[in-house]
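# take this sequence and fold it.
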Amino acid sequence: MRFQLKSVFNRHIIVDLLMISGGSFLWVAALMGLIVPNQLLSLGFTGVSIIINHFIPVLPISVLVYACNVPCLLWAWKELNKRFLALTVYAVTLQSVLMELMKDMPSYTGDVMLAAIFAGAIGGIGSGLVIRRGGSGGGTDILGIIIKKRWGFSVGTVSLIFNVAVVAVGALLFGLEIAMYTVIFIAACSLLTDKTIAGLGKKYTAMIITNQPEKMKNAIFDRLHRGVTILKGKSAVSGDQKDVLYCAINQYELAQLKDMIYAIDPYVFMTISETSEIYGHFRSRKGEALSANELASSFVMAAQEPIAAKVERETPTINIVNKEYEVIDEKEIDDGKDSWHPSRSLRNRS
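As a prediction, this is how the structure comes out:
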């Protein structure tokens, strides 16, 4: 029994529950402190519950929200991942309880525009935290996932149709002005939800075409401590072979990268794209870039796991060069083998 409890209530699930609890608190605070007092509508089933509560005040919003979610949760029991569903049930239940406990909390009833914007910001952060930890606030999220699985419609399309219907009914019942303020709230909420899910730190990928790839590569290693992938390219105009450097950086390193590469090669061609997510050995905070030793170690560790795919002889070898290590022998691919293993050529210079 002790082993089972330990396997269920581990450190990761405790962190998930704490983050979902915090996100649920922020969502309910925005709802009960800004949305309801200013007679605005909300997203999904919460918006439906507010409309019903307006005509039947004896039914609390918290009860209506939970009642609307129960059929979807029961429907999703055989359709969705059990961990996701369990965290969603926890979030929906907690939010309904918090709505009842926080119904008399201090509220703001001044400028409706400010209320809509700040409610969207606070609620969006809360909703993003819940989704980021593997759950959801129920409602159209669950409905959209089930419909996508059964009939192929995207979750965004389902949510958009449902929310447009709620806003349209709100415009007919409460007037066009309330509906327009609600649209502002939904826009702010969606923006902050996406930002919270993706993380506030921006990441970029750079593709650099240069005639001095070695100097450029060494500068990125030594100054930014970032990994570089070298791709082989060919100019469509001249037919000359070109080296294309590909690397990922964070927002604090972008200006430094620009200054550095133009100082090395004034005729460089570079494209920079904002990247939503990066998987692998990457640290996004300022001052947390991989050191040169960690960079080499991470590549060596990754290379020790065989790749389950056939590697052709033409596959280019990317040399990792820094102050501690050098490549002595570049022959790393054996003939007739379907998996790649690291050679013994990467040796410590000392």
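
# any stretches of the chain with poor pLDDT?
For the chain, the stretches with pLDDT under 70 are 1-10, 155-156, 200-201, 280-350.

# all helices of it, in order?
With DSSP state H as the criterion, the chain has helices at 2-8, 11-30, 44-55, 61-76, 82-101, 112-132, 140-151, 155-174, 176-198, 213-219, 254-264, 292-303.

# dump those to TSV, plus mean neighbour count and distance to residue 237.
Yep, even glycine has a C-beta here, placed from its N, CA and C like the rest. Below are these laid out as TSV (neighbours: other CB atoms under 10 Å; distance: least, CB to CB, whole Å):
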stretch	mean neighbour count	distance to residue 237
helix 2-8	8	61
helix 11-30	18	52
helix 44-55	20	54
helix 61-76	18	56
helix 82-101	19	51
helix 112-132	22	46
helix 140-151	18	45
helix 155-174	16	41
helix 176-198	18	38
helix 213-219	17	19
helix 254-264	14	22
helix 292-303	15	34
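
# for residue 278, which of these is the nearest?
If you check each of those against residue 278 by CB to CB, helix 176-198 wins as the nearest, at 10.7 Å.

# who's in contact with the closest one?
Helix 176-198 is touched from outside by 35, 38-43, 47, 112-113, 115-117, 119-121, 123-125, 127-129, 131-132, 163, 167-168, 170-171, 276-277, with contacts defined as CB atoms under 8 Å, 6 or more residues apart in numbering.

# for it, the distance to its chain's centre please.
In this view, helix 176-198 has its centroid 18 Å away from the chain centroid, taken as CA atoms, centre = their mean, to the nearest Å.

# and the strand ranked longest in the chain, what's buried?
In the chain, with assignment by DSSP state E, the single longest strand is strand 241-250. For strand 241-250, the buried set under the neighbour-count rule, 16 or more other CB atoms under 10 Å, comprises 243, 245, 247, 248, 249, 250.

# tell me the one of the residues you listed nearest residue 104?
If you rank the buried residues of strand 241-250 by distance to residue 104 using CB to CB, residue 250 comes first, at 43.9 Å.

# lovely, talk soon.
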